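Enquirer: okay, here's the prediction I keep looking at, along with the sequence it came from:
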Amino acid sequence: MGLKFVFEPKRWVDSHVSGGLELLDSFVSDTEASASKLINDFQKGVGDTGYENGDPGNPNWNRVHKGVDGGAWCLDTVFLKYYPTLYRASGFLTVYGAVEQLSVDYVTRLIKWGEIKKGNPTYLINCFEFLEKNFNAKIEHRATLNDMRLLRNSLAHCHGRFELSSPEANNDLRAYVENEKLLSIDSSSIEILDGYLKMSLGIFRDYFASVKNAFE
């Protein structure tokens, strides 16, 4: 006869949620290392595959790095800004999605545990509202988490541009980017700088810590 599993809100954060965040921390470190290697390789010429229009002695020569022709693209922009932001944007979307799933799974278990009849959160923002309403949780970094949601939506649906569905959302996102030192705006698109992924993961950790505190 098997043992019956008993869900305990506080212990679940310590075990399952903390374990998931630990894996994400390793993922973030690898993502940042990959972005840094991309930049270093470009600066050192590792991955140069030749030149178009002759050799460096030719005034019309173009550097070709990892198959990207400098005659068609600004290589500095591609390898020092665009590609690193793609790496970090992909990393952020992965982290956000994983945290959202951890949160939705946790709240789903809370609903069964607390025998709550109303509530079926499917997004991170719904989880905040559910926890605040039903368990009086004091969500840490509530405003910043909402700004991060807007960033997630921009990266996922608007190629990192300020083209969200409402002017208010775009204004809030722009204000967040302009005031966050690890984000910047380049040619009307959002650029993610080294360190943002680690910082955002720390905010998610604080969020789950505040959820745990609701059951102290």
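Expert: Noted; the coordinates are in hand.

Enquirer: C-alpha only now, for contacts and for neighbours.
Expert: Will do.

Enquirer: where does this protein dip in pLDDT?
Expert: Low-confidence regions of the chain, defined by pLDDT under 70, span residues 1-5, 50-60.

Enquirer: please list all residues in contact with the most centrally placed residue in it.
Expert: Nearest to the mean C-alpha position of the chain, by CA atoms, centre = their mean, lies residue 92 at 1.8 Å. Residue 92 makes contacts with 152, 197, as judged by CA atoms under 8 Å, 6 or more residues apart in numbering.

Enquirer: tell me which element it falls in.
Expert: In this structure, residue 92 sits in helix 83-113 according to DSSP states H and E.

Enquirer: output the contacting helices and strands for the helix or strand just after that helix.
Expert: Secondary structure here is assigned by DSSP H and E; on that basis, the next helix or strand after helix 83-113 toward the C-terminus is helix 124-135. With contacts defined as 3 or more CA pairs under 8 Å, 6 or more residues apart in numbering; DSSP states H and E, helix 124-135 has these neighbours: helix 83-113.

Enquirer: I'd like the distance from the helix it packs on to the chain centre, please.
Expert: With CA atoms, centre = their mean, to the nearest Å as the basis, the distance from the averaged C-alpha position of helix 83-113 to the chain average is 9 Å.

Enquirer: next, the angle helix 124-135 makes with it.
Expert: 30 degrees (axes from the mean of the first three to the mean of the last three CA atoms, to 10 degrees).

Enquirer: buried residues of helix 83-113, list them for me.
Expert: Residues of helix 83-113 classed as buried: 84-96, 99-100, 102-104, 106-111 (neighbour count, 16 or more other CA atoms under 10 Å).

Enquirer: how about stretch 121-134?
Expert: Buried positions in stretch 121-134, judged by neighbour count with 16+ other CA under 10 Å: 121, 124, 125, 126, 127, 128, 129, 130, 131.

Enquirer: what's in contact with that stretch?
Expert: Everything outside stretch 121-134 that qualifies as a contact, by CA under 8 Å, 6+ apart, is 99, 100, 103, 104, 107, 108, 119, 137, 138, 139, 146, 211.

Enquirer: quick one: the fifth one from residue 204, how far?
Expert: When CA to CA, to the nearest Å is the yardstick, residue 107 and residue 204 sit 15 Å from each other.

Enquirer: surely residue 135 meets residue 214?
Expert: Yes - using CA atoms under 8 Å as the test, residue 135 is close enough to residue 214 to be in contact (6.6 Å).

Enquirer: compare these two (neighbour count), which wins?
Expert: Set side by side, residue 135 and residue 214 give different neighbour counts by other CA atoms under 10 Å, the larger being at residue 214 (17 against 14).

Enquirer: which non-adjacent residue is nearest the more buried one?
Expert: On the basis of CA to CA, 6 or more residues apart in numbering, the spatially nearest residue to residue 214 that is not a chain neighbour turns out to be residue 137, at 5.1 Å.

Enquirer: and for the one you found, the neighbour number?
Expert: If you count neighbours by other CA under 10 Å, residue 137 ends up with 18.

Enquirer: now swap in residue 179 and tell me
Expert: Per other CA under 10 Å, the neighbour tally for residue 179 reads 11.

Enquirer: and residue 41, by the same measure?
Expert: Counted with other CA under 10 Å, the neighbours of residue 41 add up to 15.

Enquirer: I'm done for today, thanks for sticking with me.
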